[in-house]
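A.B. asks: how would this look folded up:
(one chain, ligands or ions: 1)
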Amino acid sequence: MIIPILFEPNPLLHQKARPVREDEFGADLERRLRDMAETMYAAPGVGLAGPQVGDLRRLIVVDLTEDRDDEGRRKKGEALTLMVNPIFLSKSKEVFKWEEGCLSVPEFWEYFERPKYVKVQYRDPYGGTHELDLADYPGVILQHEMDHLEGITLLDRVSRLKKTRYLKKVKKFKQRLEEEEAAW
Ligand SMILES: [Zn+2]
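C.D. replies: Numbers count the residues shown, from 1 in each chain. Model prediction:
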C-alpha cells in the first residue's frame with residue numbers, strides 16, 4: 001500500500017522520531033516497512049524515513065544496491081534493507097561529496113559533504129540485530145535518512161537564503177494550483 005509522502009514545509013518533518021518499543025516488533029511492523037518500501041519505489045526514490053510518511057518512529061527503508069543492469073539503470077529491490085532503531089557505531093573523518101535530493105523536497109538538489117565510511121547497527125522488524133559497513137553513495141543515502149529521524153531535512157542544511165527561496169517557490173506553486181482549481 002502506497003502511503004502519501006509529506007512535503008516541506010510540513011512541521012512533522014521537523015520532529016524527532018521516537019524509538020520503536022519492544023512490543024511493536026513483529027508482522028505489523030514488517031507490513032509498515034514494506035508499505036514504506038513500496039512508496040519509496042513508486043516515488044521513485046532510494047530511501048524513505050518514517051517522518052516522511054507521518055510515522056514518527058525510527059524507521060528507515062533504503063535500497064543500498066549499486067548494481068546496474070545492462071542499460072545502466074540501478075537494479076531495484078536487490079538490496080532493500082528495512083531498518084528499525086538504527087544507530088551509527090562509527091563515522092569516518094574522511095568525507096565524500098554527493099549531490100542529494102529528497103522525496104519531501106521536490107525539485108531541489110544540493111551538494112553536501114558527509115563522512116565517507118559509516119558503520120550502522122539496526123534491528124529488523126522482528127527484533128534481530130544487524131550491522132552494516134557502508135561507503136560512499138549507499139552510506140550517504142543512509143546518513144540522509146538518519147537526518148530525517150532527527151527532524152532534519154536538506155533545507156536545514158543549506159543557507160537561509162536558499163531555504164527561503166525554495167519555500168517561496170513552493171508557496172507560489174500551491175497558490176497557482178488553488179487558483180486553477182478555483183477557475184474550474
Ligand atoms: Zn529525504
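A.B. asks: The lowest-mean-pLDDT helix or strand in the chain packs against which elements?
C.D. replies: Lowest mean confidence among the helices and strands of the chain (mean pLDDT, DSSP states H and E): helix 160-183, at a mean of 92. Contacts defined by 3 or more Cβ pairs under 8 Å, 6 or more residues apart in numbering; DSSP states H and E place helix 160-183 against strand 105-115. Heads up, the C-betas are built off the backbone N, CA and C, glycines and all.
A.B. asks: picking that back up, run the angle between the least confident helix or strand of the chain and strand 105-115 for me.
C.D. replies: 160 degrees (axes from the mean of the first three to the mean of the last three Cα atoms, to 10 degrees).
A.B. asks: Can you give the contact residues for helix 160-183?
C.D. replies: With Cβ atoms under 8 Å, 6 or more residues apart in numbering as the test, helix 160-183 has contacts from 7, 8, 9, 105, 107, 108, 110, 155, 156.
A.B. asks: Tell me the bridge partners for residue 98.
C.D. replies: Beta-bridge pairing of residue 98 under DSSP bridges involves residue 112.
A.B. asks: my guess is it meets residue 138, correct?
C.D. replies: No. Using Cβ atoms under 8 Å, residue 98 and residue 138 do not qualify as a contacting pair, with a distance of 10.7 Å.
A.B. asks: neighbour-wise, which of the two wins?
C.D. replies: residue 138 (21 against 18; other Cβ atoms under 10 Å).
A.B. asks: So what's the residue count around the residue lying closest to the more buried one once chain neighbours are set aside?
C.D. replies: Of all residues not flanking residue 138 in the chain, residue 64 sits nearest, at 4.1 Å (Cβ to Cβ, 6 or more residues apart in numbering). Other residues within reach of residue 64, judged by other Cβ under 10 Å, total 17.
A.B. asks: now do residue 14
C.D. replies: Residue 14 has 16 neighbours, counted by other Cβ under 10 Å.
A.B. asks: quick one: it from residue 112, how far?
C.D. replies: Using Cβ to Cβ, to the nearest Å, we find residue 14 at a distance of 18 Å from residue 112.
A.B. asks: Then residue 183?
C.D. replies: 40 Å.
A.B. asks: and these two? which has more neighbours close in?
C.D. replies: residue 112 (17 against 6).
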